[in-house]
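>>> got a predicted structure here, sequence first:
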Amino acid sequence: MKIGLRTIKTVVACFFALIIAQQLELLYYTAAGIIAILSVGNTKKSSLNTGISRFVSLAIATALAAVIFNLVGYTPLGFTLYLVVFIPLTVRFSLTDSIVVTSVLVTHYLLEQNFGWELILNEILLMAIGVGVALLSNLYMPNLEKKIKQEQETIEVHVRQLLLDMADDLTRTDKEDLVDSCDILLESIDYGQRQARMHQENQWFEENWYYEKYFIMRRSQVRSLREMILILKQIQIEEAWVADLRILLTKAGETLSEGNDGVQMLRNIDLVMESYRLKPLPKNREEFENRARLFQCLQIFKNFIELKAEFTMQQ
């Protein structure tokens, strides 16, 4: 059984929250431990946002419960009416993650049958201890940058291989099913983007979305290649017609990298497209459809390269 870092943080946060609340002799001190457990997030920023929403939610819940309990009484009916009003409010202000935690604290007012300042302070301290210890436990986060860069390299290797496979597949009658390769690549890109987002969410002050934008760009590129593959499956054309496209795909497969801006490749694509325009007109409908599909593939491939060129220009 593997115990992850977040599990360790959660256990440690709960322990210290319980100890602190107990030493302060707070009523229902175990609630501080529960709050700590529920407040340890995946990233630093998510934990901070959770903590802020907890306090906002507690303020709303305390005011609301005070009004309802004093009108209806400290009864199950009063608590039910509180929930009827409180839950829609939390939905309206995007505080739904705090419903359970805050409502547990509200039950303390119900059990104690009062809204004295000492009890209100008790609930605020329980929340402060639980949230505070959770934030402290999340101050350490492993640096994901090295892992993200490795994921980038792996994806680039697979994209290069996909381009080379597409080039080899152009004149084969028994074409490989490269769509599956695209789908696997897209899963890897989604994973890389999640890691990139977590990395950014763990930076307090630095705003650098480079890695996430990179994975978004690669996802769009792979989707373009997937579209090309589906079109190329329908093409049955002489090798002379696909020779230039094969050269382009091979060159892209050999030179694709994070640092390649694709400008020279765009020039090459324009030259090939112009040469296609100058070729003799098709002799029959079948040839016309095949050449139209081939030209469509070139357009998509140009978009594939343009995505990288635009990404480079924006950095």
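Done, it's in.

>>> for the rest of this, base every contact and every neighbour count on C-alpha atoms.
Will do.

>>> residue 142: which element?
Under the criterion of DSSP states H and E, residue 142 resides outside all helices and strands.

>>> now swap in residue 36 and tell me
Assignment of secondary structure by DSSP H and E places residue 36 within helix 30-39.

>>> you'd agree residue 79 is up against residue 67?
No - the pair formed by residue 79 and residue 67 falls short of the contact definition of Cα atoms under 8 Å, at 11.3 Å.

>>> was I right to think residue 45 contacts residue 202?
Yes - Residue 45 sits in contact with residue 202 when judged by Cα under 8 Å, with a separation of 6.2 Å.

>>> ranges for the helices of this protein?
Per DSSP state H, the chain carries helices over the ranges 5-23, 30-39, 44-72, 76-92, 99-112, 117-137, 145-169, 179-201, 210-232, 239-255, 263-278, 285-314.

>>> packing partners of the third one?
It refers to helix 44-72. Using 3 or more Cα pairs under 8 Å, 6 or more residues apart in numbering; DSSP states H and E, the elements in contact with helix 44-72 are helix 30-39, helix 76-92, helix 99-112, helix 117-137, helix 179-201.

>>> tilt between the fourth one and helix 30-39?
Just to be clear, that refers to helix 117-137. Using axes from the mean of the first three to the mean of the last three Cα atoms, to 10 degrees, one finds that helix 117-137 and helix 30-39 are set 40 degrees apart in direction.

>>> against which helices or strands is helix 117-137 packed?
Counting contacts by 3+ Cα pairs under 8 Å, 6+ apart, helix 117-137 is packed against helix 5-23, helix 30-39, helix 44-72.

>>> Serialize these to CSV and add fields for mean pLDDT and distance to residue 190.
Listed next are the helices and strands packed on helix 117-137 as CSV, based on pLDDT from 0 to 100; distance: least, Cα to Cα, whole Å:
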stretch, mean pLDDT, distance to residue 190
helix 5-23, 90, 22
helix 30-39, 92, 26
helix 44-72, 89, 20
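
>>> ok, which of the ones you listed comes nearest residue 285?
Comparing those by their distance to residue 285 (Cα to Cα), the top pick is helix 44-72, with 58.9 Å.

>>> and the closest one, how far out from the chain's middle?
Relative to its chain's centre, helix 44-72 lies at 28 Å (Cα atoms, centre = their mean, to the nearest Å).

>>> ok, stretch 142-160 next?
Distance, stretch centre to chain centre, for stretch 142-160: 16 Å (Cα atoms, centre = their mean).

>>> residues of that stretch that come out buried?
148, 151, 152, 155, 156, 158, 159, 160 (16 or more other Cα atoms under 10 Å).

>>> which residues are in contact with the first one?
So that's residue 148. Remark: with contacts taken as Cα atoms under 8 Å, 6 or more residues apart in numbering, residue 148 is in contact with 192, 195, 196, 211.

>>> repeat that for the third one.
Applying Cα under 8 Å, 6+ apart, one finds that residue 152 lies in contact with residue 192.

>>> so how far is residue 303 from it?
Residue 152 is 21 Å from residue 303, where distance means Cα to Cα, to the nearest Å.

>>> and the last one, by the same measure?
Computed as Cα to Cα, the residue 160 to residue 303 distance reads 17 Å.

>>> from residue 138, how far out is the most centrally placed residue in the chain?
Residue closest to the mean C-alpha point of the chain, counted by Cα atoms, centre = their mean, is residue 194 at 4.0 Å. In this structure, residue 194 and residue 138 are separated by 18 Å, where distance is defined by Cα to Cα.

>>> in stretch 209-229, which residues are buried?
By neighbour count with 16+ other Cα under 10 Å, stretch 209-229 contains the buried residues 211-229.

>>> same question, stretch 290-310
In stretch 290-310, counting by 16+ other Cα under 10 Å, buried: 290-291, 293-295, 297-298, 300-309.

>>> now stretch 260-279
The neighbour-count check on stretch 260-279 (16+ other Cα under 10 Å) flags 261, 262, 265, 266, 268, 269, 272, 273, 276 as buried.

>>> name all residues that make contact with the third one.
For residue 265, the contacting residues are 248, 252, 305, taking Cα under 8 Å, 6+ apart as the criterion.

>>> at 10 Å what do you get?
Applying Cα atoms under 10 Å, 6 or more residues apart in numbering, we find residue 265 in contact with 248, 249, 251, 252, 255, 271, 302, 305, 306, 309.

>>> so residue 311 sits against residue 211, correct?
No - here residue 311 lies out of contact with residue 211, judged by Cα atoms under 10 Å, at a distance of 11.3 Å.

>>> who touches both of those two?
Among the neighbours of residue 311, those also in contact with residue 211 (Cα under 10 Å, 6+ apart) are residue 217.

>>> thought residue 217 was touching residue 307?
Yes - because the distance of 6.5 Å satisfies Cα under 10 Å, residue 217 is recorded as touching residue 307.

>>> re the thing from before, what do residue 45 and residue 202 both touch?
residue 138.

>>> between those two, which has more neighbouring residues?
residue 202 (22 against 18; other Cα atoms under 10 Å).

>>> I'm done for today, thanks for sticking with me.
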